[in-house]
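Enquirer: A structural model of the following input is requested.
(5 chains)
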Amino acid sequence: MSTRRRDIAGVARRRHPPGTAPGVVRPPAEAAVSRVTLIRYGGDAYVERDLPSIEALDEYALHDGVTWVNVDGLADAALIVALGRRFGLHDLALEDVVNVHQRPKLERYGDHLFVVMRMPHPGTAFDAEQVSLFIGDGFVLSFQERDGDCFDAVRGRIREQRGRLWQSRSDYLGYTLLDAITDSYFPVLEAYGERLDAIEERVLDGADIDATREIHLVRRELLAIRRAVWPMREVFNTFARGDLPEVTDTTLPYLRDCYDHVSQLIDIIEIYREVATGLVETHLSSVSMRTNEIMKVLTIIATIFIPLGTIAGIYGMNFDPEASPWNMPELSWRFGYPFALGVMAAVAGGLLLWFHRRGWLGGRRRRGR
Amino acid sequence: MSTRRRDIAGVARRRHPPGTAPGVVRPPAEAAVSRVTLIRYGGDAYVERDLPSIEALDEYALHDGVTWVNVDGLADAALIVALGRRFGLHDLALEDVVNVHQRPKLERYGDHLFVVMRMPHPGTAFDAEQVSLFIGDGFVLSFQERDGDCFDAVRGRIREQRGRLWQSRSDYLGYTLLDAITDSYFPVLEAYGERLDAIEERVLDGADIDATREIHLVRRELLAIRRAVWPMREVFNTFARGDLPEVTDTTLPYLRDCYDHVSQLIDIIEIYREVATGLVETHLSSVSMRTNEIMKVLTIIATIFIPLGTIAGIYGMNFDPEASPWNMPELSWRFGYPFALGVMAAVAGGLLLWFHRRGWLGGRRRRGR
Amino acid sequence: MSTRRRDIAGVARRRHPPGTAPGVVRPPAEAAVSRVTLIRYGGDAYVERDLPSIEALDEYALHDGVTWVNVDGLADAALIVALGRRFGLHDLALEDVVNVHQRPKLERYGDHLFVVMRMPHPGTAFDAEQVSLFIGDGFVLSFQERDGDCFDAVRGRIREQRGRLWQSRSDYLGYTLLDAITDSYFPVLEAYGERLDAIEERVLDGADIDATREIHLVRRELLAIRRAVWPMREVFNTFARGDLPEVTDTTLPYLRDCYDHVSQLIDIIEIYREVATGLVETHLSSVSMRTNEIMKVLTIIATIFIPLGTIAGIYGMNFDPEASPWNMPELSWRFGYPFALGVMAAVAGGLLLWFHRRGWLGGRRRRGR
Amino acid sequence: MSTRRRDIAGVARRRHPPGTAPGVVRPPAEAAVSRVTLIRYGGDAYVERDLPSIEALDEYALHDGVTWVNVDGLADAALIVALGRRFGLHDLALEDVVNVHQRPKLERYGDHLFVVMRMPHPGTAFDAEQVSLFIGDGFVLSFQERDGDCFDAVRGRIREQRGRLWQSRSDYLGYTLLDAITDSYFPVLEAYGERLDAIEERVLDGADIDATREIHLVRRELLAIRRAVWPMREVFNTFARGDLPEVTDTTLPYLRDCYDHVSQLIDIIEIYREVATGLVETHLSSVSMRTNEIMKVLTIIATIFIPLGTIAGIYGMNFDPEASPWNMPELSWRFGYPFALGVMAAVAGGLLLWFHRRGWLGGRRRRGR
Amino acid sequence: MSTRRRDIAGVARRRHPPGTAPGVVRPPAEAAVSRVTLIRYGGDAYVERDLPSIEALDEYALHDGVTWVNVDGLADAALIVALGRRFGLHDLALEDVVNVHQRPKLERYGDHLFVVMRMPHPGTAFDAEQVSLFIGDGFVLSFQERDGDCFDAVRGRIREQRGRLWQSRSDYLGYTLLDAITDSYFPVLEAYGERLDAIEERVLDGADIDATREIHLVRRELLAIRRAVWPMREVFNTFARGDLPEVTDTTLPYLRDCYDHVSQLIDIIEIYREVATGLVETHLSSVSMRTNEIMKVLTIIATIFIPLGTIAGIYGMNFDPEASPWNMPELSWRFGYPFALGVMAAVAGGLLLWFHRRGWLGGRRRRGR
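Expert: Down below sits the predicted model:
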């Protein structure tokens, strides 16, 4: 329940009252404690450590390699503002970092790029945290809502201290992180594909009542994923146009590759959405068919037996045959009873024949309900 | 009822008969009494007071700060025209000020900008008044349909007599007001999100009849909100292109930020609309499922008992066994009664078996109705 | 019926067989008799009179004011051709004047503009006649299918012999007529809004069978209105671009205002269409709910009483208790009858309990049917 | 049946296996025998005759008028290739001539234009043949799948040996043919409009079962027409842009007129499609309403009489009143029978009252079924 | 089942974990063994042979003809990388070759083009393998997932050692392969058209339960085909723009022809999808109609016979006529029995008349169920 409520109403939630000043960094309500990690690589040095405070960063003046500062948890507004001042970030960008309901976007402020993405977490319900990246000359800053991300493989590749990542500039690290986020949508979508497969199997085999509920939930989560993925296309499109001075030419084909991946994601989401919509219709149609089948059974049985019951009822009436020869003379006929049974058989037979002609008795065999 | 009627038919209402001259300021039918407030700030002076008449404005010649004249209530046409003359506003713009069914728009007249917005009021039904802004060199004029707005926080920030707002020019005040209006849609939408959450819970748990009605009303109000929000995207897009001389470069990123917020609003509205549409389908599908369940119960009971009743009816017939040995000899059989009960049990058992094979008796447990 | 038929099939009707020469003026089948009216104003003269023939126009050579020739009724092909020759109109434009199923459009021929519009007439069904305007230097020609238009207020403003209209050139008269046509859609749409309001009230209060029919008719008429209004946006957009030499700069903001009005009309039409579509779904859903309710009543009653009837039927069988002790010994039990009634009460109570547990007896109170 | 099959599966049919060489002229499977007709006009000469062979064309060297060679039937590949060689046509264009499932298109090859259109034939089902036009300097070539076209009026206008057609160049003949094809869609669509009118009348008056089937067929044929008409807009748009050297300036307004006509056709098709979709919904809704009505009748009757039958059944039980005073003492009461009838009347009256309160007995009078 | 699961969930499957380095060639899970074939043609030489290893390629230095290296099966990563190095292919392109869930696309890397297509295989379910083409100066490289393709006709045309293909450069071979792939969609779609035809016939003749299931499956496969075909339009559009230096001017019209074919494919897919959607609605509507029919039969029979049964039941009650003259005096009436039968006949007749007036007995004859 609570998960669901967060999904729909939550998308419209903003933290500060309308009319307050922009550019103010106010952490979200349930922000996790901030933890700062530094990775320096390239050139001659490799450093990876947790930073107890922002001042500890002073030891590591910018050098000719790449400095990646990652912040997990947005509770510490002072730290975020301090980082912003140190790297010359714009107030509005910092506000967006903590205002965690942003759409993915790419903005240029002065000499650095500001990219917002939504990073999906594995799990049954779609759950994406906001990741904010600042890509500048020689540094990448990343802000995440909480611990746990899809960057471990990236860290592993840096630790190897060789390869293209080690030799490239900060824009390539930015690409690598964006690519990791993009790629992490594929397993998420695959899981939805499998849920749809399972629902489809149940709907096609003979729909049950829960299908309605589950299709609805899948559709709603696909809406949420779509909201997170669609704007990414625009982000990578801006990258791929190649007129951002922060992006070197060698990184461009990789960003175009990301653009392709996002296009694939969008394709998949749209296909899933159409399949889900089709399943609703198929389910509804299938329920109607089964109601029709049930009605047919009821109608055949009732239509045959109700007249028979009425005939039997007539001959169960207690009119006194002795009072008058008009009163139920059949009761004393020699073949009165066989005659009555014969009438019943004729009525039943006639109705069966009529049903047969309408095709209601057709031998179609269905395991449906 | 009256609320609803205003919503649909009201959007098409215009005040003057077709063919009358344009540019005439004719207040709307139930316009509130006009009340003029002046705020001057920036530079060396700070003034905030109610203006009894437009002449009182003469005391406050334009200075090097910002003059914000706010008019609540559009009943006083003379006042509006006088203000228009004083600030050199175009007739058509003034007509739009009092013609309160405008779509949000941005127009340039001479050396000032004219912006129309719709400002939502808190409440159960969506209710937005028209706010018209004139942003010129050193002044901002705002016209509202009635008392009460989302600008109190802005006024508070001016009263602090410091900060970016105090130091900026009139375009930044214009941005601040537009931003306040934009942001005031978020709590409105959040309320709809919560209504949808509640409806969804009821629909998924076992639909009840009011869901239909409520989804319809939510959908209609989302249509109205969408009509108010969609054109705002175009307004801020024009702002953000950066070729308006009235807008300074430092204000531009803030207006782009507004554009982002409007994009978020549109995203949210579209998601809500899709969720609401999905709920209608889910509800319909769920009602069909429950009708199917009910039919199954009826069919099982009727199909089993109607034949039994017919059999009982047959042995309740009054054919005279004495009239002929053909007449109901079973009645005098030693085991006639047990035989009849046995036939009934066999029929009932056979039908139950058949239903079981069709899966109609399946132990699916549902709290549905 | 006939109204309806004209609406759907009529939109595809053209007067001449495929392959015939273009530019031929052939009046429509049931064209009204042509009546020519002349209004001259501006400069020093004011004339308003009916013209018995086209030659009478010669008395009024073009002067420095504006000449407005209005033709009501298109039956007189010769007159139309003569007017065309006199004002130098293109054959194709004249053909379009009498071919009264045009979409609204704006075309430039030589030194004049040709504008086609559809002017709605008040009434229960949407009914729009074609109005063709030629706007040239010093003159405006207007052709209408029949008597009656929305230009009376315009004529009144000319007769006042002052104001902007009197002082402006022919393009402003053209704008004034187009604005009158545009504005005349608002009351038409408001009437549809009220119809939708009434339908909605009935649907939400408990749907009745006519809703289906009425929603369908409203939807179809909205389609027709939409067809008349959508292309007007393109017309005013072309005007507002400001590169037509026939349009003076002072008239431009007024035409942009028209563009805004058309945008509002389109908004309203789309909202009405969506509301109507939503009403269909809501109605369908509500009918399903009520069928479900009815089924529930039937099922509860039948499921309770049919087994009771069967039990009663069993004890109504005529097996002869004297023929054997196995034959219906209950009939002679001391408490046979109370026992039978008790079994019935137990069955009925059990079923009621089961229905109660399924929630079918829930005290929901609905005035629905 | 066969008609239907051709419609859906047929649109995907191509004649040659994938991978074979392009530009090969292979007539379609059931191509009609080719028949060549020549019309020369303009300048000083007028000739109209059938050509027995392509060599006969040599008698008529290109002159200063216009030569129109029309080919009915595509069976004679050699003839088509010979014509192509003589007029310098591109292989791919010739392949398209015989590959009769082309979309309408306009292509420029060297110094001539190649236009493909689909020409509708009158009849109950939509049936359009491909017409391929080559428009060059002084000549027009037209290829049709079979005999019979909408060009007779054009031929008549040529035979008059005067008028604009006689005096114009080949591009005007090309326009005239394209215009004839465009206009021939209007009566076709009008027929569909009338079918929709008839269906609508039946659906609104009380739906019958065939409506479903017919709406489906109309919708499918509208899809086919739309496929033939939509690309024509692009064709005439390219023409109307005015940068084709083959098209003279005097012909341009006529081609723009064609563009208008195609826009009208598309409007009509979309309106019909929306009306048809609306009819499906209306029909479904109306069927649901009538099922609801039927259910109500069944429920009222069954709910009233089943309890009465059960009461009657109880007093028809044969418990022996002599065996015990507990056994059916009512049977010997003085007013037992009136009492039983009274109970029945009370039950029936109570239920009627309940139904009345629910509004199920409402006096709404409907001729529905 | 397994086929179905692959279809939906499979589209979201990617092989490597998010965050791993780009440009790594890792064959797909169940890749077929790689087999390399070489065809050299044009100029003076013709060679066609299988290559045991990549080194064998050294014998065939690039010459003035065209070298076509085709790889079936992607299991041998080393071979693919070696080929890539030899022909100077980009890492990302090679990664895409083995990452077999690409959308069709066209990319330029250095001096060669990289084209990805999806080639359909004949069969009941839609099944397309990825084909990757590198088109460079004098060579074409093609990579296929497995054996079997639609290129046999192309190989045959090369073996003829004449014709346009033999004389053209590598871009024409590239076009030929792309054209073969494009054309191979036509028979695939035709098969779906036939399936839709068959479904439509069944739905229109009287829907059966499987239609729901089959329409759903067809719709889902059309979604998959659409995903494969839509991006091809963009590919050929880029080709047809004519600014790729790798494409000679003589090949351009052929690529434009391909573009036309893809447009046709898209038209067909969209028509099929609309037909399928229409079939769902038609089916649902038809099932509703038949349920309505069944309900009518049940209602007529039950409504007539249940009251009759109740009347019979009343006269079957055992009230003792001797106990009182009030107790069932009808039983001893002279015409009691005929009176009772008459009442029954009157009730039945009245109901039949009422049904007749409602049109429920209408003689419409339907073979529906």
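Enquirer: now do the helices in the stretch 1-150 of chain A.
Expert: For the stretch 1-150 of chain A, helices defined by DSSP state H, counting those that start in this stretch occupy the ranges A:2-10, A:77-87, A:91-98.
Enquirer: any chance of TSV for these, columns mean neighbour count and mean pLDDT?
Expert: C-beta coordinates here come from the backbone N, C-alpha and C atoms, glycine included. Converted to TSV, the helices of the stretch 1-150 of chain A look like this (neighbours: other Cβ atoms under 10 Å in any protein chain shown; pLDDT from 0 to 100):
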stretch	mean neighbour count	mean pLDDT
helix A:2-10	17	52
helix A:77-87	17	91
helix A:91-98	22	90
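Enquirer: now do the strand or helix carrying A:Ile268 against helix E:252-315, angle only.
Expert: Secondary structure assignment for A:Ile268, by DSSP states H and E: helix A:252-315. Computed with axes from the mean of the first three to the mean of the last three Cα atoms, to 10 degrees, the direction of helix A:252-315 lies at 20 degrees from that of helix E:252-315.
Enquirer: and the next helix or strand past helix A:252-315?
Expert: helix A:336-358.
Enquirer: what about that following helix and chain B, touching?
Expert: Yes - using Cβ under 8 Å from any Cβ of the partner chain, helix A:336-358 reaches chain B at A:Gly336, A:Tyr337, A:Pro338, A:Ala340, A:Leu341, A:Met344.
Enquirer: what's in contact with that helix?
Expert: Helix A:336-358 is contacted by residues A:300, A:303-304, A:307-308, A:311-312, A:315, A:330, A:333, A:361, B:314, B:317, B:319-320, B:323-324, B:326-328, E:367-369 when judged by Cβ atoms under 8 Å, 6 or more residues apart in numbering or on different chains.
Enquirer: what parts of the stretch 251-369 of chain A come near chain B?
Expert: A:280, A:283-284, A:287-288, A:290-291, A:294-295, A:297-298, A:301-302, A:305-306, A:308-309, A:312-313, A:315-318, A:321, A:328, A:330-338, A:340-341, A:344, A:367-369.
Enquirer: can you say which of those residues are buried?
Expert: A:280, A:283-284, A:287-288, A:290-291, A:294-295, A:297-298, A:301-302, A:305-306, A:308-309, A:312-313, A:315-318, A:321, A:328, A:330-333, A:336-338, A:340-341, A:344, A:368-369 (16 or more other Cβ atoms under 10 Å in any protein chain shown).
Enquirer: so, low pLDDT: which residues of the stretch 101-250 of chain A?
Expert: The model of the stretch 101-250 of chain A has pLDDT under 70 over residues A:207-209.
Enquirer: interface residues of it facing chain E?
Expert: Contact residues (Cβ under 8 Å from any Cβ) of the stretch 101-250 of chain A with chain E: A:150-154, A:156-157, A:163-165, A:176, A:179-184, A:186-187, A:189-190, A:192-194, A:196-197, A:200-201, A:204.
Enquirer: do that again at 6 Å, thanks
Expert: A:150, A:153-154, A:157, A:180, A:183-184, A:186, A:189-190, A:193-194, A:196-197, A:204 (Cβ under 6 Å from any Cβ of the partner chain).
Enquirer: farthest-apart pair in those, please.
Expert: Considering Cβ to Cβ, no two members of these lie farther apart than A:Arg157 and A:Leu204, which are separated by 44.2 Å.
Enquirer: mind listing what's buried in stretch A:131-149?
Expert: A:131-136, A:139-145, A:149.
Enquirer: quick one: these as a markdown table, columns for distance to chain C too.
Expert: Shown next, in a markdown table, are the buried residues of stretch A:131-149 (distance: Cβ to the nearest Cβ, whole Å):
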| residue | distance to chain C |
| --- | --- |
| A:Val131 | 37 |
| A:Ser132 | 36 |
| A:Leu133 | 39 |
| A:Phe134 | 40 |
| A:Ile135 | 40 |
| A:Gly136 | 43 |
| A:Phe139 | 47 |
| A:Val140 | 45 |
| A:Leu141 | 43 |
| A:Ser142 | 42 |
| A:Phe143 | 40 |
| A:Gln144 | 40 |
| A:Glu145 | 37 |
| A:Asp149 | 42 |
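Enquirer: just name the closest of these to C:Tyr109, please.
Expert: Closest to C:Tyr109 out of these is A:Ile135 (57.1 Å), distances taken as Cβ to Cβ.
Enquirer: fine by me, we can end here.
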